[in-house]
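>>> predicted structure and sequence below. I'll ask about it afterward.
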Amino acid sequence: EEKLNLDDSQWEDIHVVTGALKMFFRELPEPLFPYCFFEQFVEAIKIQDNATRIKSIRSLVKKLPKPNYDTMKILFEHLKKIAAKESVNLMSTQSLGIVFGPTLLRPEKETGNMAVHMLYQNQIVELMLSEYSKIFG
């Protein structure tokens, strides 16, 4: 409802744009990874065999509601492009996992496992970026 002037110089600062993107995802009524999928993604990232872990994440992603899947595919494609320019912007897949993991994927009710959950949230985003073509291809 608020009219934004995207020609305003404030939008030239990438941190403002990134903050706005994160805030958009944080303020959704439900995260991009729906609450009912949280534990399933956490269990999938714990799988030791990498090929099986990727297959499991891919299977979960395909079960997401279409709007979530479509948004996720575009977002991760964009974040992958950011990670590809790590030498310039210092944003590796690991850094992006740390920044976006807790925003995109969180439990409905916070428990005492917040630190452990954060580790898994980061790892899930990192894996999805590094294995984008296998997960979304």
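Happy to help now that I have it. Numbering: from 1, shown residues only.
>>> could you point out which element follows the helix or strand where Pro102 lies?
Assigned by DSSP states H and E, Pro102 falls within helix 93-104. Downstream of helix 93-104, the first helix or strand assigned by DSSP H and E is helix 114-130.
>>> with only the CA atoms kept, save that following helix in PDB.
Output of helix 114-130 as PDB, limited to C-alpha atoms (Å, rounded to 0.1, in the frame of the first residue of the first chain):
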ATOM      1  CA  MET A 114      17.300 -22.500  18.900                       C
ATOM      2  CA  ALA A 115      21.100 -22.700  18.400                       C
ATOM      3  CA  VAL A 116      20.800 -26.200  17.000                       C
ATOM      4  CA  HIS A 117      17.900 -25.200  14.700                       C
ATOM      5  CA  MET A 118      19.900 -22.200  13.500                       C
ATOM      6  CA  LEU A 119      22.800 -24.600  12.500                       C
ATOM      7  CA  TYR A 120      20.400 -26.800  10.500                       C
ATOM      8  CA  GLN A 121      18.600 -23.800   8.900                       C
ATOM      9  CA  ASN A 122      21.900 -22.500   7.700                       C
ATOM     10  CA  GLN A 123      23.000 -25.900   6.400                       C
ATOM     11  CA  ILE A 124      19.700 -26.400   4.500                       C
ATOM     12  CA  VAL A 125      20.000 -23.100   2.700                       C
ATOM     13  CA  GLU A 126      23.700 -23.700   2.000                       C
ATOM     14  CA  LEU A 127      23.000 -27.200   0.500                       C
ATOM     15  CA  MET A 128      20.100 -25.900  -1.600                       C
ATOM     16  CA  LEU A 129      22.400 -23.200  -3.000                       C
ATOM     17  CA  SER A 130      25.300 -25.500  -3.700                       C
END
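>>> can you give me the buried ones in it?
For helix 114-130, the buried set under the neighbour-count rule, 16 or more other CB atoms under 10 Å, comprises 117, 119-130. For the C-beta atoms, the positions are set from N, CA and C on the backbone; glycine is no exception.
>>> what's the burial count for Gly101?
Gly101 is flanked by 22 other residues according to other CB atoms under 10 Å.
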